[in-house]
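K.L.:
Based on what follows, work out the 3D shape:
(chains A, B and C)
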Amino acid sequence: MSEHYPALLVILPLLASFFISAAGWLRPACCFPLAVAALGASLLVSLGLLSIVIGGGPVSYRLGGWAPPWGICYQVDHLNALVLAVVSVVGFINLTAARTHVKKDFPERAGPFYTLYVLFVTGLLGMVVTGDAFNLYVLLEIAAITGYALIAMGKGRAPLSSLNYIFMGTIGACFYLLGVGYLYIVTGSLNMEDIARLLPPLHGSKVVTVAFVIMMVGIWLKMGFFPLHAWLPNAYTYAPSPVSSLVAPLMTKVMVYVMIRMVVTVFTVDYAFGVLGLNEAVVWLAVIAIVAGSVLALAEKDVKRMLTFIVVAEVGYMVGGFWLGNRPGFTGAVLHIVNDALMTLCLFLAVGNIVYAKGNSRWESLPGLFRTMPWTMGALVVGALSIIGVPPTCGFFSKWYLLLGAIQGGHYGFLAALLFSSLVSVVLFFRIFEMGYFEPLGAPHGPTHGQDGTTTVREAPLGMLAPLWITALGLILVGLYTGQIVGRVIRHAVPAMMF
Amino acid sequence: MKTLGLIIVVLVGAVLVYATVDFPPFGDPASPASLHVSPRYIEKTVEETAVPNAVTSVLADYRGFDTMFETTVIFSAGVACFLLLRVSRRRPPASRQYRHRLTGLTFRVKDGREISLPLRDFEPLDSIWTPHDFIIEKVCRYLIPFIQLFGLYVIAHGHESPGGGFQGGVILGASIILLSVSHNLRTALQRMGEKASALFSPFGVLIYAGTGALCLVLGYNFLDYQALAALLPGGPIMARSHGIFLVEVGVGMAVMGTMVWIFKNLASLGRYDEGL
Amino acid sequence: MEEFLRLIIGKYNYWIYITLMMIGLYAMIAKNNLVKKIVGMNIFQTAIILFYISTGVKKGATIPIIEHSHDAAHQAVRAADYINPLPHVLMLTAIVVSVATLGVALAVAIKVYHRYLTLEEDEILKQIREP
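P.N.:
The predicted model follows:
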């Protein structure tokens, strides 16, 4: 059975989504258990796959039984086995927390909600596992379309933000598709490894250069890399809580993975860093992204919106770390995919709890929260420490590798940006802690005092706290086991040409 | 915004033109795209899958996995439109209008009151005027069965001629939409209810993915239709052909159901009471 | 000059797809009405379809349905006689994706209209700024 794991990983949630959709009409109570079973099964499969890859090296799977350049094949190596595990873990944990929100906010639409949720995770898993450039596009669109709909469910400006996201996302996906087309026209192949084999004689071709540039721009649009981030803050802010805690940790990280996969596997490190020599410029773009994201976050007066700008800054970390083009930089970028997914999940879940209890997450809702919601705020502290980069939380270790990479690459601008953004994070989060801890309930900032003072704010229910704390403890655990992750997984994923 | 748009457009356009200069000549049979992967599809399609239409065999067999997700994209768009638009709370409209079928007399029921009328004699009317033309109604009524028959033909004959699940499914869906456009939404809903279209689309994709899973259960790779030789007559090559047919039927159902579903949601703004 | 003209005429499909694509992109960025932007998005996606289909063309070839495949004396098939089926298959996917995106975009636009009672972007932004 284990040889079918790569297919099962995607097929199980896909099949389940049809049953969830039907159950929405016939037996609505079954939707949530079905979704949990599907994502739980795919979580187990992804962990099994990770252990297979650690034990025996890369695995490939031919879909339909056709050999790679003709058929589609799945390639699982150390890099994507790790990302697969992260995606399925985050998708699963967040699903368990989503139930309470769904019951409160849109109980009558649980069926389609869980269907799209599971399809979104399926799309991301498929993007990560595939070894075919065009198949990646199809799965990208599945994740995108479900994401648009889930985001548009929110209140207020959500539909407008979602529409902006649709425009930007479509441009991004189409640029990627056009890049694939350019590669196809010069190589005649769609399989990633096959393209990589055919490309070296074509390195001088203008078509390949433009394919590379246009693909990167498309992927950056999708991940919200700084000058192209305009759609991201609104879309993530106005989305319903269970959706923002799903999309924010996963979509950007998976796109970073796609970027790494495209550069490393398709175009090869030689071409991207050697022939084109764009790395210096891209690292400077990343520096701008980090600084701009941090500064914009300072201006916000809403915790959720502030977090979205932190996401923009974190994208800069990963892009910059990868484009440093050396071993520690690459390690830091990949490790940061793992850590940032978990940190962002932790913070967005905590904010979700605050929104659940108070109705919003603006500054004026914060006072007194440490007393009324100690568990939620406790987890928020752990997540914040990780973003800032305090050991033993995992955020410290990836930042450490990124710093090492910056020093080794002699890129002091990136180094300075990392330190600056850490300092800004300290300011950002300690402002929140100060308001939540020292200011009494509804005293100075409280226009909501009149109504809220009478209704006591309660801690979020256990169904939301448990996933939150599992994530928070996970942050510390991943931090403690960083050596294992780097030594047994990421070390094998680093391309041989990097030093 | 206009100048910014112009600058971006000119920049991107220039980059694309720059690349086009290096493209292989247009229509060249010796370009890399026509030499590397695709000759096998053309030369071996009959031999390997018993399907003369290379597009069908590539679509549903060589790259069948893509197509499964393509159908899933359609399905998720259907679910997305439903999730976004469907209004579940039924607020009674301010007034309703009915027409007596025999006399053509119309009258109005005010203040959202419910009255029970024999719907055989009385026909509910839309609150905004929708065109209502005797000739169009009758012509469409006679045309629709033939359109549907043609849709089924396109699905079933995709192996031999241009066609297949997507094209046939769209034709079938269009026939229901035509009914709705030429009559009104209620008539179309009587023929194919909301639940029917909503269940058709996951069921269609389920046929596709289920065929693949069946192959997996039979001990082959996912979507490797050879496995079906154990269940169907004709050997492994014919099994591929049969597998492609099964999958195309699934695609047809999913596309038809979803087209109609999306149309109903968009046309009635999710209220399912009136519309085109 | 002759060289240049040959370039223009020899690749006219590609010039047309670039033009179409830029029209779509411009509409998406610069138009004020949200539905016009959605239409622009559709043009943009369709342009890519034209590009892919152009890559599959072979001069003097016919549609990729093998003739006489059921004859007993089934002669060898030459790939140069039939156009490349792969871009067609890929573009079937792209068509489906663009239809799906269009459906979702229209549904979202309907929601936007319900909230702001207009689809003009500047009017919406004005409503947001001064509630």
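
K.L.:
Count the residues that sit near the residue in the stretch 51-200 of chain B positioned nearest to chain C.
P.N.:
Each residue of the stretch 51-200 of chain B has a distance to chain C, by CB to the nearest CB, and the smallest belongs to B:A77, at 3.5 Å. Every C-beta, even on glycine, is put in place using the N, C-alpha and C of the backbone. Residues lying near B:A77 (other CB atoms under 10 Å in any protein chain shown) number 31.

K.L.:
Pull up the residues of the stretch 1-150 of chain A that are close to chain C.
P.N.:
Taking CB under 8 Å from any CB of the partner chain as the criterion, the stretch 1-150 of chain A approaches chain C at residues A:134, A:138, A:141, A:144-145, A:148-149.

K.L.:
Identify the bridge partners of the closest residue to A:G131 other than its chain neighbours.
P.N.:
Spatially, and ignoring its direct neighbours in sequence, A:G131 is nearest to A:Q75 (3.5 Å; CB to CB, 6 or more residues apart in numbering or on different chains). Taking DSSP bridges, one obtains A:S60 as the residues bridged to A:Q75.

K.L.:
And for A:Q75, the neighbour number?
P.N.:
21.

K.L.:
which residues of chain C score low on pLDDT?
P.N.:
Within chain C, the stretches with pLDDT under 70 are C:68-75.

K.L.:
Roughly how far does the closest residue to chain A within chain C sit from B:I42?
P.N.:
For chain C, the residue closest to chain A is C:K111, as judged by CB to the nearest CB, at 3.9 Å. Taking CB to CB, to the nearest Å as the criterion, C:K111 is separated from B:I42 by 46 Å.

K.L.:
The residue nearest to A:G131 is in contact with A:S60, isn't it?
P.N.:
Yes. The pair formed by A:Q75 and A:S60 meets the contact definition of CB atoms under 8 Å, at 5.1 Å.

K.L.:
Quick check: neighbours shared by these two?
P.N.:
Residues touching both A:Q75 and A:S60 comprise A:G131, with contact defined as CB atoms under 8 Å, 6 or more residues apart in numbering or on different chains.

K.L.:
Summarise which helices and strands the helix ranked longest in chain B is packed against.
P.N.:
Among all segments of chain B classified by DSSP state H, the helix with the greatest residue count is helix B:235-267. Under the contact criterion of 3 or more CB pairs under 8 Å, 6 or more residues apart in numbering or on different chains; DSSP states H and E, helix B:235-267 touches helix B:38-49, helix B:54-57, helix B:64-85, helix B:134-156, helix B:165-182, helix B:185-191, helix B:194-217, helix C:85-116.

K.L.:
Can you give the distance of it from its chain's centre?
P.N.:
8 Å (CA atoms, centre = their mean, to the nearest Å).

K.L.:
what do you get for stretch A:483-499?
P.N.:
Centroid separation between stretch A:483-499 and its chain, computed with CA atoms, centre = their mean, is 21 Å.

K.L.:
Pull out the buried positions in it.
P.N.:
Going by neighbour count (16 or more other CB atoms under 10 Å in any protein chain shown), the buried part of stretch A:483-499 is A:485-486, A:488-490, A:493-495, A:498.

K.L.:
For that stretch, the averaged confidence score.
P.N.:
Stretch A:483-499 shows an average pLDDT of 83 in the prediction.

K.L.:
Not counting sequence-adjacent ones, nearest residue to the one residue in chain A that gets nearest to chain C?
P.N.:
In chain A, the residue found nearest to chain C is A:P159; the distance is 3.9 Å by CB to the nearest CB. The shortest distance from A:P159 to any non-neighbouring residue, by CB to CB, 6+ apart, is to C:K111 (3.9 Å).

K.L.:
Strands along the stretch 101-250 of chain A, start to end?
P.N.:
If DSSP state E, counting those that start in this stretch is used as the criterion, the stretch 101-250 of chain A turns out to lack strands entirely.

K.L.:
Next, the residue sitting nearest the centre point of chain C: secondary structure please.
P.N.:
Nearest residue to the geometric centre of chain C (CA atoms, centre = their mean): C:T46, 1.3 Å. When states are read from DSSP: H, G, I helix; E, B strand; the rest coil, the local structure at C:T46 comes out as helix.

K.L.:
Was I right to think it contacts C:I23?
P.N.:
No. Counting by CB under 8 Å, C:I23 is not a contact partner of C:T46; they are 10.3 Å apart.

K.L.:
so what pLDDT did the residue positioned nearest the centre of chain A get?
P.N.:
Here the mean C-alpha position of chain A is nearest to the C-alpha of A:L250 (CA atoms, centre = their mean), at a distance of 2.5 Å. pLDDT, A:L250: 92.

K.L.:
do you know how far it is from chain B?
P.N.:
Going from A:L250 to chain B by CB to the nearest CB, to the nearest Å gives 16 Å.

K.L.:
hang on, the earlier thing: between the longest helix of chain B and helix C:85-116, how big is the angle?
P.N.:
Using axes from the mean of the first three to the mean of the last three CA atoms, to 10 degrees, the direction of helix B:235-267 lies 20 degrees away from that of helix C:85-116.

K.L.:
and helix B:235-267, which residues are buried?
P.N.:
Along helix B:235-267, the positions that meet the burial threshold by neighbour count (16+ other CB under 10 Å) are B:236-267.

K.L.:
ok, C:K111 and B:I42, which is more surrounded?
P.N.:
Higher neighbour count among C:K111 and B:I42: B:I42, with 26 against 21, using other CB under 10 Å.

K.L.:
Report how many residues lie close to residue 59.
P.N.:
All of this refers to chain A. Using other CB under 10 Å as the criterion, A:V59 is surrounded by 18 other residues.

K.L.:
Oops, wrong one, chain C.
P.N.:
The number of residues near C:K59, taken as other CB under 10 Å, comes to 11.

K.L.:
ok, the residue in the stretch 151-276 of chain B that chain C sits nearest to - contacts?
P.N.:
Nearest to chain C in the stretch 151-276 of chain B, going by CB to the nearest CB, is B:I262, at a distance of 4.6 Å. For B:I262, the contact set (CB under 8 Å, 6+ apart) comprises B:77-78, B:81, C:103.
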